[in-house]
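[1] Sequence plus predicted model, see below.
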Amino acid sequence: MSAPVLLIGAGMIAHDQILPALLQMQREGRIGEITVCARSRRSVAALAAAPALRRAFPGQSFAALPDESADPEASYPELYKAALASMPPRSVVVAAVPDHLHYPVVMEALRNEQHVCCVKPLTLEVAQSIAIEEESRKRGLLVGVEYHKRFDPRSLMARDRYRRGLFGEFKLGSARLMEKWHYRHSNFQNWFTTERTDSFVYIGCHYVDLVHFITGLLPAAVSVYGIEDELPNGEKGYLWSDARVIWENGACLNVQNSLSFPDAAPGPNTQGMTLYFAGNGNGALLDHSDQYRGVAYSHTETPAGPGGTRYSEPSPDYFLYQDLGGPGLTPTGYGVRSVEHIVGEALRVEREAASPAERRRLLAAIDGRGIMATPANSRFNEAVCEAARESILSGGETVALKR
Ligand SMILES: NC(=O)c1ccc[n+]([C@@H]2O[C@H](COP(=O)([O-])OP(=O)(O)OC[C@H]3O[C@@H](n4cnc5c(N)ncnc54)[C@H](O)[C@@H]3O)[C@@H](O)[C@H]2O)c1
């Protein structure tokens, strides 16, 4: 029988990427029953009724927690613990809750003998990432961190070329990822607050991870200047940030992030990266437009929903529903490949490992390959988050990373 999967969290990323990827794996017979557990009935009910999912996956569904007997307005922040306890050991859990809840959710999943796929960033502190690594190692369980930009073909092309020496050595770069203004009005206002997270930790970490993924270099120090702004509910958050990341070879990456890209602007966000290199007596460069991918549409009407624009520049590469003849629609793109890769590797470890020693060997090989981000091979990301939080709260001091 195929392994069941528990998805904890039913928000934007669950709707836009994680659940469609899981439903596709279920359609292909690679996983069994899917349960989605959120804090409120409202959250899971909205996901179950989502038009895009119903159209893409006719005849498929998931078990929702809280179930229909729950008070739609009540909060059930501990329900995921009961959901985890009822999973057969060595199944797969996907954690897609707000950043500050990753640690308790992932640890609880491991204590319940579950493999874990966790959305980025794994945790905001190095000590928590070490604790997760120790717990998973002790139990022979996989923890994969879902940095989906790693599965974008352009990242894999750049990685291969860098590692073949075609660029020389990374020296200087800049990256940006600005989400749309309307994010401020979503559930974000309940957790995107000054003391919890900031624009750099939320989305800048993608480009730090990517520069490591491509070059193999490790970040050494970070300074982040943040601008506080008021959220619609009156809370304050660092909705704008400018980070400078210094790497072990002295290279420097500037990363700008915000929840400010105009709602009237095309595309769901603006993002991209330019890196400059030196080698062989020459300069070299890499320039990725990660938002404009050569597709531009202007429709006769403005689509409904926040951030909808008549003129748009949709990305066919991250996530796309395609009509491949049915049933329903097939989700494709690097967002789907990334989830499939992590969940698939957890299933492979279960299938192939006949003993604890063999399981350890398979997990160590995954760490060593460095394609999937794991606690052991991507701890620099937690070190960057921790140093970035210290820096932004101090007004932009340079903070050396913990090793
Ligand atoms: N590009 C990316 O990789 C990317 C993009 C978006 C979000 N994310 C990450 O995904 C995570 C969630 O983001 P989102 O945009 O979906 O947020 P969201 O606010 O839309 O959704 C959060 C969900 O978590 C659920 N939740 C909160 N507390 C819970 C609890 N105690 N038990 C069970 N469920 C609980 C809420 O009910 C909600 O369904 C964040 O860590 C974010 O950084 C990653």
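    Nice, thanks for sending it over.
[2] What's the local residue count around the residue in the chain that the ligand sits nearest to?
    Residue of the chain nearest the ligand, by CB to the nearest ligand atom: Gly11 (1.8 Å). Just so you know, the C-beta spots here come from the backbone N, C-alpha and C atoms, and that holds for glycine as well. The number of residues packed near Gly11 is 19, by other CB atoms under 10 Å.
[3] again with Val44
    Using other CB under 10 Å: Val44 sits among 26 other residues.
[4] Would you tell me what helix or strand it is located in?
    Secondary structure from DSSP states H and E places Val44 in helix 41-48.
[5] Kindly spell out which helices and strands sit in contact with that helix.
    strand 34-37, strand 63-65 (3 or more CB pairs under 8 Å, 6 or more residues apart in numbering; DSSP states H and E).
[6] what is the mean pLDDT for stretch 274-290?
    When pLDDT is averaged over stretch 274-290, the result is 97.
[7] One more: stretch 138-147?
    Mean predicted confidence for stretch 138-147 is 98.
[8] about what we covered before: which ones are touching the residue of the chain closest to the ligand?
    38, 43, 96, 187 (CB atoms under 8 Å, 6 or more residues apart in numbering).
[9] Nearest approach to Arg111 belongs to which of the helices and strands packed on helix 41-48?
    strand 34-37 (16.2 Å; CB to CB).
[10] that older thread, how distant is the helix holding Val44 from the center of its chain?
    21 Å (CA atoms, centre = their mean, to the nearest Å).
[11] Which elements pack onto the helix or strand just after it?
    The first helix or strand that comes after helix 41-48 along the chain, using DSSP H and E, is helix 51-56. Counting contacts by 3+ CB pairs under 8 Å, 6+ apart, helix 51-56 packs against helix 19-27, strand 320-322.
[12] hey, which of those is tucked in deepest?
    By mean neighbour count, with neighbours taken as mean count of other CB atoms under 10 Å, helix 19-27 ranks first of these at a mean of 23.
[13] Would it count as contacting the ligand?
    No. Helix 19-27 is not in contact with the ligand by CB under 6 Å from any ligand atom; minimum separation 10.5 Å.
[14] Ok, stretch 306-322 next?
    No. Counting by CB under 6 Å from any ligand atom, the ligand has no neighbours in stretch 306-322; the shortest distance is 8.9 Å.
[15] Could you pull out the buried residues of that stretch?
    307, 309, 312-315, 317-319, 321 (16 or more other CB atoms under 10 Å).
[16] and the residues you listed as a markdown table, adding distance to Leu7?
    Shown next, in a markdown table, are the buried residues of stretch 306-322 (distance: CB to CB, whole Å):
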| residue | distance to Leu7 |
| --- | --- |
| Gly307 | 24 |
| Thr309 | 30 |
| Ser312 | 28 |
| Glu313 | 30 |
| Pro314 | 25 |
| Ser315 | 23 |
| Asp317 | 23 |
| Tyr318 | 19 |
| Phe319 | 16 |
| Tyr321 | 19 |
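[17] Would you convert these into a markdown table that also reports secondary structure and pLDDT?
    Listed next are the buried residues of stretch 306-322 as a markdown table, based on DSSP: H, G, I helix; E, B strand; the rest coil; pLDDT from 0 to 100:
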| residue | secondary structure | pLDDT |
| --- | --- | --- |
| Gly307 | coil | 83 |
| Thr309 | coil | 93 |
| Ser312 | strand | 92 |
| Glu313 | coil | 92 |
| Pro314 | coil | 90 |
| Ser315 | coil | 91 |
| Asp317 | coil | 96 |
| Tyr318 | coil | 96 |
| Phe319 | coil | 96 |
| Tyr321 | strand | 98 |
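[18] what does the stretch 201-350 of the chain put close to the ligand?
    Near the ligand, when you scan the stretch 201-350 of the chain using CB under 6 Å from any ligand atom, you find Tyr202.
[19] All the helices of the stretch 201-350 of the chain, in order from the start?
    205-215, 334-352 (DSSP state H, counting those that start in this stretch).
[20] Pick the most deeply packed of the ones you listed.
    helix 205-215 (a mean of 24).
[21] distance between that one and the chain's centre?
    Counting by CA atoms, centre = their mean, helix 205-215 comes out at 13 Å from the chain centroid.
[22] helices and strands around it, which ones?
    Going by 3+ CB pairs under 8 Å, 6+ apart, helix 205-215 lies up against helix 153-163, strand 169-180, strand 219-230, strand 236-247, strand 252-261, strand 269-279, helix 379-393.
[23] Go through the shortest one and flag the buried ones.
    In this case it means strand 252-261. 253, 255-261.
[24] Tell me which stretches of the stretch 1-150 of the chain form helices.
    Taking DSSP H, counting those that start in this stretch as the criterion, the stretch 1-150 of the chain carries its helices at 12-13, 19-27, 41-48, 51-56, 79-85, 102-111, 126-139.
[25] All set, thanks.
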